[in-house]
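>>> got a predicted structure here, sequence first:
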2 protein chains.
Amino acid sequence: MKTRLAVSRRLRSTPYTPRIESLGVSDYSIVNHTILPKGFGRSVEEDFWHLCEHVQMWDVSCQRQVEIQGEDAAKLVQMMTPRDLRNAQIGQCLYAPLIDQNACMLNDPVILKLAEDHYWLSIADSDVLLWAKGLMVGYQLNVNIKEPDVSPLAVQGPKSDALMAQVFGSEVSDIAFFRFKKLDFKGRPLIVARSGYSKQGGFEIYLDDSSLGLDLWDTLWQAGEPFNVAPGSPNLIERVEAGLLSYGNEFTSENNPLECGFKKYCCFDDDLQYIGKQALLKINQEGIKQQIRGIRFDGEKCPPCASTWPLTHEKSEAGFISTAIWSPKLKCNVALGMVASEFWNQGQSVVVHCSDGSQRQGEVVLLP
Amino acid sequence: MKTRLAVSRRLRSTPYTPRIESLGVSDYSIVNHTILPKGFGRSVEEDFWHLCEHVQMWDVSCQRQVEIQGEDAAKLVQMMTPRDLRNAQIGQCLYAPLIDQNACMLNDPVILKLAEDHYWLSIADSDVLLWAKGLMVGYQLNVNIKEPDVSPLAVQGPKSDALMAQVFGSEVSDIAFFRFKKLDFKGRPLIVARSGYSKQGGFEIYLDDSSLGLDLWDTLWQAGEPFNVAPGSPNLIERVEAGLLSYGNEFTSENNPLECGFKKYCCFDDDLQYIGKQALLKINQEGIKQQIRGIRFDGEKCPPCASTWPLTHEKSEAGFISTAIWSPKLKCNVALGMVASEFWNQGQSVVVHCSDGSQRQGEVVLLP
């Protein structure tokens, strides 16, 4: 697909956009009304190998924050998710499904607990801000809700610790997985979390002052030169191999968290209340009929997957693929998709119906 | 900008996408997580002249519908807007600002009243669905809210009536401006409104069955051949000249409806209640400090406007431009922007600071 993105103010640029453009960005996506750089003229495979071996800087400002602060903040955040947040600690990042009254998925943010009465929801692609504000108004909750000036910058790859230590000091190595600390950048304390949308290790820096964007980028870039730093983006090969899901791709508001494999984030304790709990209990009791799986399939490199591709088994519908790409490590195509319960066991053979008309022999695999 | 759009299921295609692609779409935008075709390899000027003289078909499926139906539907829709809907009639389209508890703009949909207890909000680019659902849950309203399978197709331009009559019969000419009728398409009644995001006249067909998308497109296309039909899109020249505003461009959630010039849609009657009324009353009493205006400015064709461009007058900040383009009719650059009250009078001279570093002499004009 060679279609250009038509620019406008509505598709928001970021504090890092000038550097992204001078580094030759070739592909953009749009997430949360914000541009997400997706390529720099290299192939996804080249980017993949670089990510696995070195360190990359990703402009993930599109991971907008929904800030919920005030007396009822903890109450509202718990209302929004089936994940039990009662023991959440300040400094913790919590991956959490958000569901509506019918237990349908609305988003899957990482929740940052900044204080007992102060949370950021680092969101995927839907306006959680409007959901939270609707609940606040309707329930007359005492909270302030806004999208703050926060633009996450991800540093990902095996050399992330080394690069980050140059800028933030050796303290970065003490940050545990899915924890954050406030670390100094030229006199300003920034939230730095050990997290990110890859399994190659790394950090996300929650820059909360756009005017420092270019300074932060340049400082990291300069420190990264000895480590072969490159601009990058969430990598499709790495994401599929790691089984990292994406709202809008692997699941939508048509799906419930159990279909997404999020049962471990669903608390059914009698004394925990949240929106959609009754619906979710019923779904849990009745059992789900489909769930997200990995799929490996044969043939040459598959075309880009821009919509769902049907899965069949001996003429029966078996589900669909939502994301697919060639894996240079595994030497086959790898995919994520929603698979019907009759076919979701490891090793199940399926046929993948690609958008180019080809039919490929495939096999269901469990997610890592 | 030559940056490509990275495809994925998350950026939803539409029932018309196969035809859009075979017609050589060259530019996409993203609205409501859905692709909006913005160009077909011709210049914006060529598209503009064609739109002013002939007829175009626009895939505006991205104008998603928020369906609100049930006992409390009228109550909820009125809660969401300062526009007085008490006398709204079935069959009417109502342009309406949506505001939050602080009177900040959340969207500016066209509301279609389908029945006393049944509404569609045909939305601009924000997830109004989540706002409406949050209010429904919080206030425990008796409504069903969903995004139905509706994909608007716009037929725009002076030959729209002639084309539409070929497909839907002479009844189309009886549809008044911002009214709709249900007209038959091969046995299926479709909502057809005299509306659209241009001032060249035309219709929007609210196709409510995706499986008929290609049939509808092909039937209109064939009927349009004698009228020199072409694929098109909301045209930036036409939009700016006509003073048609765009959520996310001319105004955002930072603005109130009075700043947008929507006072005629704000009812302050004592017996009408809606969310944000107190805040809006206060803003109205205190007076606004900025409002959207047109701006004409000198020099050669300006670059694409991807972010805001400052306006000044003798070193004073005077506001900013949010959208700008060369007008081949007026032989100057035309723009929309937010102008401070000291400078918002017709004929006020301002300096436009374009993103290419140029400073252009400009003049404030009132919107049509």
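Ah, there it is.

>>> what stretches of the stretch 1-150 of chain A score poorly on pLDDT?
A:1 (pLDDT under 70).

>>> give me every residue in it lying close to chain B.
Within the stretch 1-150 of chain A, the residues that sit near chain B (Cβ under 8 Å from any Cβ of the partner chain) are A:1-11, A:13, A:25-30, A:33, A:38-39, A:100-101, A:106, A:125-128, A:130-140. For the C-beta atoms, the positions are set from N, CA and C on the backbone; glycine is no exception.

>>> same deal with the stretch 201-350 of chain A?
Contact residues, the stretch 201-350 of chain A versus chain B (Cβ under 8 Å from any Cβ): A:Ser246, A:Tyr247, A:Gly248, A:Asn249, A:Ile275, A:Pro304, A:Cys305, A:Ala306, A:Ser307, A:Thr308, A:Ser322, A:Thr323.

>>> out of those residues, flag the one nearest to chain B.
A:Gly248 (3.1 Å; Cβ to the nearest Cβ).

>>> give the contact list for the nearest residue to that closest one once chain neighbours are set aside.
Here the nearest residue to A:Gly248 in space, its sequence neighbours aside, is B:Arg10; by Cβ to Cβ, 6 or more residues apart in numbering or on different chains that works out to 3.1 Å. Residues near B:Arg10 by Cβ atoms under 8 Å, 6 or more residues apart in numbering or on different chains: A:Asp125, A:Ser246, A:Tyr247, A:Gly248, A:Asn249, B:His33.

>>> strand partners (parallel or antiparallel) of the helix or strand hosting A:Ile205?
According to DSSP states H and E, A:Ile205 maps onto strand A:202-207. Partner strands and pairing direction for strand A:202-207 (DSSP bridges) are strand A:151-156 (antiparallel), strand A:188-193 (antiparallel).

>>> CA atoms only for that strand, dumped as PDB, please.
Output of strand A:202-207 as PDB, limited to C-alpha atoms (Å, rounded to 0.1, in the frame of the first residue of the first chain):
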ATOM      1  CA  GLY A 202      13.600  -1.400  27.800                       C
ATOM      2  CA  PHE A 203      12.000   1.700  29.200                       C
ATOM      3  CA  GLU A 204       9.300   4.200  28.700                       C
ATOM      4  CA  ILE A 205      10.000   7.800  29.600                       C
ATOM      5  CA  TYR A 206       6.800   9.800  30.400                       C
ATOM      6  CA  LEU A 207       7.900  13.200  29.300                       C
END
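
>>> after that strand, which helix or strand is next? Please name it.
In N-to-C order, the element after strand A:202-207 by DSSP H and E is helix A:213-224.

>>> for that following helix, packing partners?
Other elements packing on helix A:213-224 under the criterion 3 or more Cβ pairs under 8 Å, 6 or more residues apart in numbering or on different chains; DSSP states H and E are helix A:17-22, strand A:56-59, strand A:151-156, helix A:160-168, strand A:202-207.

>>> switch the cut-off to 10 Å
Applying 3 or more Cβ pairs under 10 Å, 6 or more residues apart in numbering or on different chains; DSSP states H and E, one finds that helix A:213-224 makes contact with helix A:17-22, strand A:56-59, strand A:151-156, helix A:160-168, strand A:180-185, strand A:188-193, strand A:202-207, strand A:230-232.

>>> what is the mean pLDDT for the third one?
Okay, so that is strand A:151-156. Averaged across strand A:151-156, pLDDT comes to 98.

>>> just how off-centre is that strand within its chain?
Relative to the centre of its chain, strand A:151-156 is centred 12 Å away, using Cα atoms, centre = their mean, to the nearest Å.

>>> A:Val172: what secondary structure?
Under DSSP: H, G, I helix; E, B strand; the rest coil, A:Val172 falls in the helix class.

>>> returning to what we had before: please identify the most buried of the helices and strands packed on helix A:213-224.
Highest mean neighbour count among the helices and strands packed on helix A:213-224 (mean count of other Cβ atoms under 10 Å in any protein chain shown): strand A:56-59, with a mean of 28.

>>> now the helix or strand following that one against strand A:202-207, angle please.
Toward the C-terminus, strand A:56-59 is succeeded by strand A:65-69 as the next helix or strand (DSSP H and E). Here strand A:65-69 runs at an angle of 60 degrees relative to strand A:202-207 (axes from the mean of the first three to the mean of the last three Cα atoms, to 10 degrees).

>>> quick one: strands adjacent to strand A:65-69?
Strand partners for strand A:65-69, identified by DSSP bridges, are recorded as strand A:118-122 (antiparallel), strand A:144-146 (antiparallel).

>>> now that strand - C-alpha only, CSV.
C-alpha atoms of strand A:65-69 as CSV (Å, rounded to 0.1, in the frame of the first residue of the first chain):
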residue,chain,number,x,y,z
GLN,A,65,-2.5,9.5,29.4
VAL,A,66,-5.9,9.7,31.0
GLU,A,67,-5.2,11.4,34.3
ILE,A,68,-7.6,10.7,37.1
GLN,A,69,-7.0,12.5,40.3
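
>>> which positions within the helix or strand that comes right after that strand qualify as buried?
Downstream of strand A:65-69, the first helix or strand assigned by DSSP H and E is helix A:73-80. Residues A:Ala73, A:Ala74, A:Lys75, A:Leu76, A:Val77, A:Gln78, A:Met79, A:Met80 are the ones in helix A:73-80 that count as buried (16 or more other Cβ atoms under 10 Å in any protein chain shown).

>>> hmm, back to that, closest one of the contacts of B:Arg10 to B:Val60?
Checking the contacts of B:Arg10 against B:Val60 by Cβ to Cβ gives B:His33 as the nearest, at 14.3 Å.

>>> phi, psi for the closest one please.
phi 60, psi 20 (degrees, to the nearest 10).

>>> contact partners for the closest residue to it other than its chain neighbours?
Of all residues not flanking B:His33 in the chain, B:Arg12 sits nearest, at 5.7 Å (Cβ to Cβ, 6+ apart). Counting by Cβ atoms under 10 Å, 6 or more residues apart in numbering or on different chains, B:Arg12 touches A:Gly248, A:Thr252, A:Ala306, A:Ser307, B:Ile30, B:Asn32, B:His33, B:Thr34, B:Ile35, B:Ser61, B:Cys62, B:Arg64.

>>> the fourth one and A:Cys354 touch, don't they?
So the one you mean is A:Ser307. No. A:Ser307 is not in contact with A:Cys354 according to Cβ atoms under 10 Å; the separation is 11.0 Å.

>>> so what sits against both of these two?
A:Ile321.

>>> show me which of those two is the more surrounded one.
Legend: neighbour count by other Cβ atoms under 10 Å in any protein chain shown for A:Ser307 and A:Cys354, higher for A:Cys354 (19 against 15).

>>> next SSE downstream of the longest strand seen in chain A?
Secondary structure of chain A per DSSP state E: the longest strand is strand A:316-327. Sequence-wise, the next helix or strand downstream of strand A:316-327 (DSSP H and E) is strand A:332-340.

>>> so what touches the helix or strand following that next one?
Using DSSP H and E, the helix or strand that follows strand A:332-340 in sequence is strand A:349-353. With Cβ under 10 Å, 6+ apart as the test, strand A:349-353 has contacts from A:293, A:295-299, A:302, A:308-316, A:318-321, A:324, A:333, A:335, A:337, A:339-340, A:343-344, A:358-364.

>>> at 7 Å instead, please
A:295, A:297, A:309-313, A:318, A:321, A:343, A:359-364 (Cβ atoms under 7 Å, 6 or more residues apart in numbering or on different chains).

>>> phi and psi next, for the nearest residue to A:Ser210 once chain neighbours are set aside.
In this structure, A:Ser210 finds its nearest non-sequential neighbour in A:Pro15, 4.3 Å apart by Cβ to Cβ, 6+ apart. Backbone dihedrals for A:Pro15, given as degrees, to the nearest 10, come out at phi -60, psi -20.
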